[in-house]
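1. Structural data only, the sequence is not supplied:
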Ligand SMILES: CSC[C@@H](O)[C@@H](O)C(=O)COP(=O)(O)O
Ligand SMILES: [Zn+2]
């Protein structure tokens, strides 16, 4: 399947960038109303093939095979249920995202950057807000927090988990990748500005 092949290539590339260290990260593709391909839990993400993906329904039940879906499957499914246009979800432990999530408390407003156009804005004058949630191993709890937030803020493009990493989604693999690259770049800019201004 073309989109899954494309996603596998993207994952390898993200691993080589150092954004998926030590088996971290997870990725999914929405296939139809009630089927999602998601990366397996605990596997090295730089060496995945299409056959490694688990197929689950929107409740997280395995649709076939014996694969162990990502431990964070519930977060992916929450995004698909709250953002109907999302067809691909990416989660990485990229350095800038992880560092900035520790420095800022509950959200990062990104303003004035030309690259905000990656999120569908027409000009650099708009604002994109990235919320930060406390990290937790309690996925139902985190999923509830995320669901409530997305209900209140339906235009959200992604979020950070504190000291953990970033989640982003798109209408197809290429859009999710573009937005992930844009976010990581913008986080790097914000971190550099914080260093220069001594904040
Ligand atoms: C290897 S530590 C990272 C994990 O705890 C988790 O945050 C992660 O990103 C990968 O979990 P996974 O179950 O493989 O999808
Ligand atoms: Zn993670």
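-> That came through fine. Predicted model, so just to flag it, every value in this text is computed and none were measured. Ligands and ions are numbered 1, 2, ... in the order given.
2. Over to the spatially most central residue of the chain. Which of the three states is it?
-> Central residue of the chain (C-alpha atoms, centre = their mean): residue 167, 2.1 Å from the mean position. Of the three states, residue 167 takes strand under DSSP: H, G, I helix; E, B strand; the rest coil.
3. just residue 13 next, same as before
-> Under three-state DSSP, residue 13 falls in the helix class.
4. do you know how far it is from residue 28?
-> 17 Å (C-beta to C-beta, to the nearest Å). C-beta coordinates here come from the backbone N, C-alpha and C atoms, glycine included.
5. Tell me which of the two has more neighbours.
-> Neighbour totals were compared for residue 13 and residue 28, and residue 28 leads with 30 against 13 (other C-beta atoms under 10 Å).
6. To which secondary structure element is that one assigned?
-> Using DSSP states H and E, residue 28 falls within strand 26-32.
7. Give the buried residues for the very next helix or strand once past that strand.
-> Going down the chain from strand 26-32, the next helix or strand is strand 35-38, by DSSP H and E. Using 16 or more other C-beta atoms under 10 Å as the test for burial, strand 35-38 gives 36-38.
8. Repeat that for stretch 29-47.
-> Residues of stretch 29-47 classed as buried: 29-30, 36-40, 45 (neighbour count, 16+ other C-beta under 10 Å).
9. Dump those residues to JSON lines, plus pLDDT and distance to residue 114.
-> Compiled in JSON lines, the buried residues of stretch 29-47 are given as follows (pLDDT from 0 to 100; distance: C-beta to C-beta, whole Å):
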{"residue": "29", "pLDDT": "98", "distance to residue 114": "29"}
{"residue": "30", "pLDDT": "98", "distance to residue 114": "30"}
{"residue": "36", "pLDDT": "98", "distance to residue 114": "33"}
{"residue": "37", "pLDDT": "98", "distance to residue 114": "34"}
{"residue": "38", "pLDDT": "98", "distance to residue 114": "33"}
{"residue": "39", "pLDDT": "98", "distance to residue 114": "32"}
{"residue": "40", "pLDDT": "98", "distance to residue 114": "38"}
{"residue": "45", "pLDDT": "96", "distance to residue 114": "31"}
